[in-house]
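[1] predicted model and sequence follow; I will ask about them next.
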Amino acid sequence: MSIQVVATRMDEELFAKAKHAVSGAGIDFRLAPWNDNTLDLVQTTTFDAIVIGFPGPIASLRRFVQCIRSPGSACQRSGVILLTERRHLKAAQTFVGVGAGINRAVALDDMATRLASTIKELSSVAPRTPLRAPTRVVLHLDQRPLRTFCQTENVSESGMLLRGFGHYPPGTTIDFEINIPGTSEPIRGRATIARTTNVTAERMEGVGARFDRFHENDRARLTGYLNELVH
């Protein structure tokens, strides 16, 4: 099955270049105009990713992304990418990260090497749900446990993004307890650090961790909670 992507706020010439950049990557890339009809489209039709041209009016960008991320939107948990000229990349990156609803910014001259891989990266993980919850973490470093506290920023059925966490290398094993709001018992399990955040692009220091296993029925509890947040 191909990856479904819609591009908007760009002219046909730029769209043709972007489409060429992802050709052969199993990506169904379509263009939609920057108007309320497209706003309705992304709220009612599920896309794996949405690519938005940048720059442009900031108020309309924020409105568009807020509608994408609103409860009940078909694209609430889709990847959102800003595509921009190199000279505007730093400005675009200020909209990437926690709270903004935008996942990545890609420069036009990097399209050939980065656009398809970025779309695939955002489409390959389980849908992420924003969730700020205090989390106790025990790291296993050289057989020596290290206990610390941090906070989740988003959680999916496959992993989580942790803020306020040191730069520990990918492959580090952690035990975790996520204190979900409104629940009496934390979600417990074991995970492996998969990456450290790009502070410039994501505007936060932390790590992404992949869930390995859960305590008893805690996976089902987490899935149920995430489904309630979405619906």
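    Looks like it arrived, so ask away. Since we're looking at a predicted model, the values are computed, not measured.

[2] do you know how far the nearest residue to L115 once chain neighbours are set aside is from P134?
    Residue nearest to L115 in three dimensions, not counting chain neighbours: A21, with 4.9 Å by C-beta to C-beta, 6 or more residues apart in numbering. All C-beta atoms are positioned from the backbone trio N, CA, C, and that covers glycine. For A21, the distance to P134 equals 41 Å [C-beta to C-beta, to the nearest Å].

[3] who has more neighbours, these two?
    More neighbours surround A21 than the other of A21 and P134, with 20 against 14 (other C-beta atoms under 10 Å).

[4] gap between the more buried one and D110?
    From A21 to D110 the distance is 9 Å (C-beta to C-beta).

[5] swap in R63?
    As judged by C-beta to C-beta, R63 and D110 stand 27 Å apart.

[6] looking at the two, which is more packed in?
    Per other C-beta under 10 Å, whichever of R63 and D110 has more neighbours is D110, with 15 against 12.

[7] so that one, which state does it fall into?
    Three-state call for D110 (DSSP: H, G, I helix; E, B strand; the rest coil): helix.

[8] okay, it: pLDDT?
    pLDDT, D110: 92.

[9] quick thing: my sequence starts at 7, can you match it?
    In the new numbering, first residue 7, that becomes D116.

[10] in this structure, which helix or strand is least confident?
    helix 205-208 (a mean of 66; mean pLDDT, DSSP states H and E).

[11] after that one, which helix or strand is next?
    strand 212-220 (DSSP states H and E).

[12] return the mean pLDDT over that following strand, rounded to an integer.
    pLDDT averaged over strand 212-220 gives 87.

[13] which strands and helices sit next to that strand?
    strand 165-169, strand 179-184, strand 193-202 (3 or more C-beta pairs under 8 Å, 6 or more residues apart in numbering; DSSP states H and E).
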